[in-house]
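Enquirer: give me the fold of what follows.
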Amino acid sequence: MTYVSPQHSVSVDSYTHNGNLFDPTKQYVCIRVWLPEGAPMKFLAESWNEGKEPDIENRPPSEVVEAISDKLEKAWIDTSRDEKRRVIEWCRANAELLDRLWAEGLIRAEQRTIARSQKRIRKLLTDYLDTDDEPQALTCDHGIEFDEETALTMQPHAIRNRWPRLHGECAKGCGFNGTAYASAQHFVWGGDWSEK
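Expert: A predicted model of the protein is given here:
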């Protein structure tokens, strides 16, 4: 089991700043890799001229660390070069761990987004779509199956094919006739159910 302190979760971010005392209009972009508990530093960072920074969108920490290393070695002067080199070596030795913790953090964020969407969907269904439907028998699952753990890594079309929704009469004979899903996750993760 991996323990991740909320104060030291692994992530990659950036911000814009002015670090030139002689030219206040000159902007820089600082890219940071936030490191987990036990790392030699809280984060590893390097700055680029604005517009010259690498694209970090969806790039794992191990790749961003290499971009930072490349920038560090090209810099003429860096008073913390040796310290950063030691941190970079630590990151390289723990690259798999960093990428896994980074991915876990993104998954948790996506799950929170899904939970908010599910709440919104339930409210919309209750307020606008379920008013004229016949009540669904709570004691019948209508034969619909869904495995959330397996579905987590699958594409929507694959989810729809593997775990179809009910669209019609319940095969178990409970009397329900309509559209039903195994759960809110089944409905959301399946994407556009009108597609084949």
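Enquirer: switch to C-alpha atoms for all contacts and neighbour counts from now on
Expert: Noted.
Enquirer: give me the nearest residue to G191, chain neighbours excluded.
Expert: Nearest non-adjacent residue to G191, counting by CA to CA, 6 or more residues apart in numbering: P156, 5.2 Å away.
Enquirer: ok, now which ones touch that neighbour?
Expert: W189, G190, G191, D192 (CA atoms under 8 Å, 6 or more residues apart in numbering).
Enquirer: packing partners for the one helix or strand R85 maps to?
Expert: In this structure, R85 sits in helix 81-93 according to DSSP states H and E. On a contact count with 3 or more CA pairs under 8 Å, 6 or more residues apart in numbering; DSSP states H and E, helix 81-93 meets strand 43-49, helix 61-74.
Enquirer: re the thing from before, want to throw the contacts of P156 into JSON lines with pLDDT?
Expert: Converted to JSON lines, the contacts of P156 look like this (pLDDT from 0 to 100):
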{"residue": "W189", "pLDDT": "86"}
{"residue": "G190", "pLDDT": "85"}
{"residue": "G191", "pLDDT": "85"}
{"residue": "D192", "pLDDT": "84"}
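Enquirer: beyond the longest helix belonging to the chain, next helix or strand please.
Expert: In the chain, with assignment by DSSP state H, the single longest helix is helix 95-124. Scanning forward in sequence from helix 95-124 by DSSP H and E, the next helix or strand is helix 148-151.
Enquirer: and the angle for the longest helix of the chain with helix 61-74?
Expert: Per axes from the mean of the first three to the mean of the last three CA atoms, to 10 degrees, the angle that helix 95-124 makes with helix 61-74 is 130 degrees.
Enquirer: quick one: low-confidence parts of the chain?
Expert: Residues of the chain that meet the criterion pLDDT under 70 lie in 1-8, 21, 130-138, 196.
Enquirer: before we move on, back to that, could I get the helices and strands packed on helix 81-93 as JSON lines with distance to F176 and mean neighbour count?
Expert: Converted to JSON lines, these look like this (distance: least, CA to CA, whole Å; neighbours: other CA atoms under 10 Å):
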{"stretch": "strand 43-49", "distance to F176": "56", "mean neighbour count": "18"}
{"stretch": "helix 61-74", "distance to F176": "50", "mean neighbour count": "18"}
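Enquirer: dump these to CSV, plus distance to P24.
Expert: As requested, the helices and strands packed on helix 81-93 are exported to CSV (distance: least, CA to CA, whole Å):
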stretch, distance to P24
strand 43-49, 13
helix 61-74, 23
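Enquirer: domain-wise, how is the chain divided?
Expert: Per the record, the chain has its domains at 6-101, 133-196, by automatic domain parsing.
Enquirer: please name whichever of those domains is nearest to A109.
Expert: Closest of the domains of the chain to A109 is domain 6-101, at 11.5 Å (criterion: CA to CA).
Enquirer: center of this structure - which residue?
Expert: The residue lying closest to the centre of the chain (CA atoms, centre = their mean) is L106, at 2.7 Å.
Enquirer: for A67, which non-adjacent residue is closest in space?
Expert: Nearest one to A67, counting by CA to CA, 6+ apart, is P54 at 7.3 Å.
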